[in-house]
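**Q** everything below, folded, please.
(2 chains)
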Amino acid sequence: MSRIVIDPVTRIEGHLRVEAQLDGGKVAKAWSSTTMWRGLEKILVGRDPRDAWYFAQRICGVCTTVHALASVRAVEAALEITPPLNARLLRDLISASQYVHDHVVHFYHLHALDWVDVTGALKADPKRTAALAQSLSDYPQSSATHFSAVRKRLQAFVQGGRLGPFSGGYWGHPAMTLPPEVDLLAVSHYLDALEFQRDYARAHAILGGKSPHPQTYLVGGMASPIDLNSEDAINASTFQALRELFQKGLDFVQQAYLPDLLAIAKAYPEWTKIGGGLDSYLAFGDMARDPVPPGQLAGGGVLPSGVIRNGGSHVEPVDPALIAEDVARAWFTYPQGDATALSPFDGETNPHYTGPDPPYEYLDVDSKYSWLKAPRYDGLAVEVGPLARMVIGYTQGDRRIRPLVAGALRELGATPAVLPSVLGRTLSRGLETLLMARYTLELLDALEANVRGGDLSIFAGGKWDPSSWPAHAQGAGFVEAPRGGLSHWIVISDQRIENYQAVVPSTWNASPRDGDGNPGAYEAALVGTPVADPERPLEVLRVLHSFDPCMACAAHLLDANGRPLAQVRVQ
Amino acid sequence: MADRMTPIPQQRPPAQTQAAVPGVSQGPTGPEEELPLAARLAGFSVERRSCVKYCAGLTAMLALPTTLTRRVAATLDAQTKPSLVWFEFQDCAGDTESLLRARNPALASLILDLVSVDYQETIMSGAGHQAEDALAAALRADGYLLVVEGSVPRGARGAYCCVGGRSAIDHLQKAASGAAAIINVGTCSAFGGLPAAKPNPTDAVAVSDVVSGVPIVNLPGCPVNVDNLTATLVHFLTFGALPARDELGRPLFAYGDRIHDNCPRRGHFDAGQFAVEWGDEGHREGWCLYRLGCKGPSSYHNCPSIQWNGSTNWPIGAGHGCVGCAEPAFWDTMTPFYDRLPHVAGFGVNATAEKIGLTVVAVTAAGFALHGVGKAIQRRVGQRGDGSGPGDGTGPPGVITLPDQATPSSPSLPGRGRT
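**A** All right, here's what the predicted structure looks like:
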């Protein structure tokens, strides 16, 4: 038995530390910890609820739109505001394009170097690489000349002896087994994807002024005016520019991302058997075209909603009242007892660091060991995110998702049983990127049609003035974010935030053990992972990166100050 | 605005040649083993012409004489890659995401050609021991550039932010001692930012609060505009020193002008044309956003001129007011965001026109102009006299008497001070 520590876990957002006990060359136990906390929930108390989205957006600069959206939805649910159709379409447009941007960056820049040996690419034959690339798709930059230039550039870089961000990579690791031509293809697309994501992010600047952190959300609507006859509003040329960007996005996903993903997946078939994890899934659903009435989740949206328990074949509807969190193993304390599972409505934020003073070598994993709480659904640890959505959608027979998943499985010669795995998670993310890339164009058409029909409304202003608000109001906003189901909860009292909290995708997935000792999704998925070289635990990174960890999100806000809420409105 | 500035002298005189550039690591390989920048760019689909164009653009952005374009280009040509270490502490990775949007040069050129990004947790391949080794190796050679994203918590004996079992303060102080300069990206590392907003639960502070003796440049913004980062890097590579800064450590080339003074909607402000409600005619026609809470009159940043994402747009261009995200403590002084100046918290409910500029100075200690918004507005109000003008058609053109508490807000406006 030996103990390994990976800290920092890199190629993620934020500060994640994993400790693992190895036995017989495999992970026997794992502990997931986040080592940073900011206390934003305390900062939000007492402020104007209309400002909350701007603060909450800074929970994460990678998920740069989802917390803003969850925040305005929470306030709108509390105040019973329904934003106009244009605003809802603009929000979905930003969200859908966020999926494309986020997932492309994850695949190429955060995850690919777990599978692709950059130095292996130097051994590739450009002609054979070109032949391979051309057999996979119509992606334009697929000539032998191109791959030769990329290899030359890479060669000069490596010979310079200064590998920069590529130093310390897992080059030559026994678990790196791609053919050199796939390595070169992937390195070439790594560089192309840098340019692609940079250009694609312009969509958020067009709609929201800048990216990251577009500055355009409002309680009650959106701040981008629409007027086909104005140069200073969303107009015909805006639609044209967006259509070009979204078409490029769809092309890149179809011609590079998915073919590359499938080529890599085919070379690593054993990774369909590793890293499955909890086998229980939760998704709130999102992107319904009709307004979601208070008290309901976005069932029937393009992104599915539901719960699957313990690998079952039944999808049950989500009941937000069954969400609870405990702090038995988190650096927080509840007066009622740390193993008490509290509804997010009743939670408390009392930071209580009991870990070792830095610098430290190991955390005391038998005690509290993370700045994350342990959220549970009806007492059950669940996974959220792309795999949850694709499994739920597939099981429900969703008309968009089922054919996507079935087609990819056919291509891989696999059955749905391979989905709960590292590659299943990574594949799910790629497939929903295609779903979202297509949907951006649908949404844009819907928005343009509505605008051409004469509807210029972007804002429901009836309750903008706080004097129109009730003395006390509360509500929750649900978003299906790229990393999974996200919810923000707000209590408004005398026109100020009395209480604010969020239960975030990476909190679900990266959670520590709960009071009953049940592990979170990362911890469960790591068990059984082979580790060929404990000094270079590449395999552990493959499992973790398949979740796309986002720790600033996860650790940001923990709960409110203990006021019980009898009811919460859900939007 | 030059009268408010006390530029900090450059730490070193401009270097005459690359060899004279002090504090820049030559790295393990000699210059002869690395191709000049132009050749490196040319090797990957960027032609010499665009290299010169790029250098000219940078020269202009840095407010240097155009005759220096050749020098910028020559310096970059001769430059070997300095080592760059990028720390993330109490951050949201927004500044890292901004780095991903780099365009001039693109990130690929930046990391492959211009600097050696030896430690950057979001993009680096190695994790755990491999990452720690990369950091240790980078810190062994003095003269690296240290980029910091995120604030530094002093609470809980450093346990609010640890990397590799060591606290942020520990990392920062060790790394600072060998750095040629520190570049703070974003408002959090520059001024404490969001984690330091009231009540600052983790005792978060700016980098300059825990480090001294190293030249520091602050590039605030939420997030940093990557064009300002790349321009600062190029300035450092060219002259071996940081650009001239204001008393808040912000480079004058990027934070020397007030947003309000360069705003394309300024004409509407002067003409008394204001958007009054989101989506109304004034909003759709691109009128001034002051009445919807815009903080451009008290914010210094080059947003209007360089914009964001390759000059695609900027917040005011997209219809939302400025929130002053490059100003110290803007989370407390510029909120509520939708209240009009001077009704926001930092100004006090009863501030009058004359007091605005002074109040801002008091709140942020320094850095705002004494000739701030109050006097500017006051002057215009005085010139206009009766406040008549084209107006916005929604009521008396009393909109011009912006700071006057006696003018009741329209019911659809925020118009409320914090109570």
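
**Q** I'd like the next helix or strand past the helix or strand harbouring A:Leu185.
**A** If you go by DSSP states H and E, A:Leu185 is part of helix A:180-200. If you walk from helix A:180-200 toward the C-terminus, the next helix or strand you reach (DSSP H and E) is helix A:202-208.

**Q** how about residue 106, what does it touch?
**A** Just so you know, I chose chain A. Taking Cβ atoms under 8 Å, 6 or more residues apart in numbering or on different chains as the definition of contact, the neighbours of A:His106 are A:Arg429, A:His545, A:Asp548. Yep, even glycine has a C-beta here, placed from its N, CA and C like the rest.

**Q** wrong one, I was asking about chain B
**A** Applying Cβ under 8 Å, 6+ apart, one finds that B:Ala106 lies in contact with A:Leu194, A:Glu195, A:Arg198.

**Q** just the pLDDT for the second one.
**A** At A:Glu195, the pLDDT value in this model is 95.

**Q** so what's the residue count around it?
**A** Per other Cβ atoms under 10 Å in any protein chain shown, the neighbour tally for A:Glu195 reads 13.

**Q** surely it touches B:Ser109?
**A** No - with contacts counted by Cβ atoms under 8 Å, A:Glu195 stays clear of B:Ser109, the gap being 10.3 Å.

**Q** tell me the first helix or strand C-terminal of the longest helix along chain A.
**A** Of all the elements of type helix in chain A, the one with the most residues (DSSP state H) is helix A:422-452. The first helix or strand that comes after helix A:422-452 along the chain, using DSSP H and E, is strand A:472-481.

**Q** is chain B within reach of that next one?
**A** No - Strand A:472-481 stays clear of chain B (Cβ under 8 Å from any Cβ of the partner chain), getting no nearer than 14.3 Å.

**Q** who are the packing partners of that strand?
**A** Using 3 or more Cβ pairs under 8 Å, 6 or more residues apart in numbering or on different chains; DSSP states H and E as the contact criterion, the secondary-structure elements in contact with strand A:472-481 are helix A:66-79, strand A:281-286, strand A:484-493, strand A:569-570.

**Q** count of neighbours near the nearest residue to B:Arg266 once chain neighbours are set aside?
**A** In space, B:Arg266 comes closest to B:His260 once its chain neighbours are excluded; the distance is 6.7 Å by Cβ to Cβ, 6 or more residues apart in numbering or on different chains. Residues contacting B:His260 under the criterion other Cβ under 10 Å number 26.

**Q** same check, this time on the one 5 residues further on
**A** Residues near B:Arg265, counting by other Cβ under 10 Å, number 22.

**Q** not counting its neighbours along the chain, what's nearest the residue in the stretch 151-300 of chain B positioned nearest to chain A?
**A** The shortest separation between the stretch 151-300 of chain B and chain A is 2.7 Å, found at B:Gly286 (distances taken as Cβ to the nearest Cβ). Counting by Cβ to Cβ, 6+ apart, A:Asp232 is the residue found nearest to B:Gly286 once chain neighbours are left out, at 2.7 Å.

**Q** what do you get for A:His103?
**A** Across the structure, with Cβ to Cβ, 6+ apart as the measure, the residue nearest A:His103 apart from its sequence neighbours is A:Thr433 (4.3 Å).

**Q** equivalent analysis for A:Gly424, please.
**A** Distance criterion Cβ to Cβ, 6+ apart; nearest residue to A:Gly424, sequence neighbours excluded, is A:Val418 at 5.6 Å.

**Q** state the pLDDT value of the one you found.
**A** The per-residue confidence score, pLDDT, reads 97 for A:Val418.

**Q** can you count the residues close to it?
**A** If you count neighbours by other Cβ under 10 Å, A:Val418 ends up with 19.

**Q** and A:Arg389, by the same measure?
**A** Counted with other Cβ under 10 Å, the neighbours of A:Arg389 add up to 31.

**Q** go on, A:Lys266?
**A** Neighbour count of A:Lys266, defined by other Cβ under 10 Å: 13.

**Q** the one 10 residues further on now?
**A** The criterion is other Cβ under 10 Å. On that basis, A:Gly276 has 23 neighbouring residues.

**Q** returning to what we had before: contact partners for the residue nearest to A:His103?
**A** Residues near A:Thr433 by Cβ under 8 Å, 6+ apart: A:Tyr99, A:Val100, A:His103, A:Val104, A:Val253, A:Tyr257, A:Leu258.

**Q** could you do B:Cys322 as well?
**A** For B:Cys322, the contact set (Cβ under 8 Å, 6+ apart) comprises B:Ile259, B:Leu289, B:Cys294, B:Lys295, B:Gly296, B:Ser299, B:Cys303, B:Pro315, B:Ile316.

**Q** next one: A:Pro180
**A** A:Gly120, A:Ala121, A:Leu122, A:Lys123, A:Ala124, A:Asp125 are the contacts of A:Pro180 under Cβ under 8 Å, 6+ apart.

**Q** in this structure the fifth one contacts A:Leu154, no?
**A** No - distance between A:Ala124 and A:Leu154: 9.7 Å, which falls outside the contact criterion (Cβ under 8 Å).
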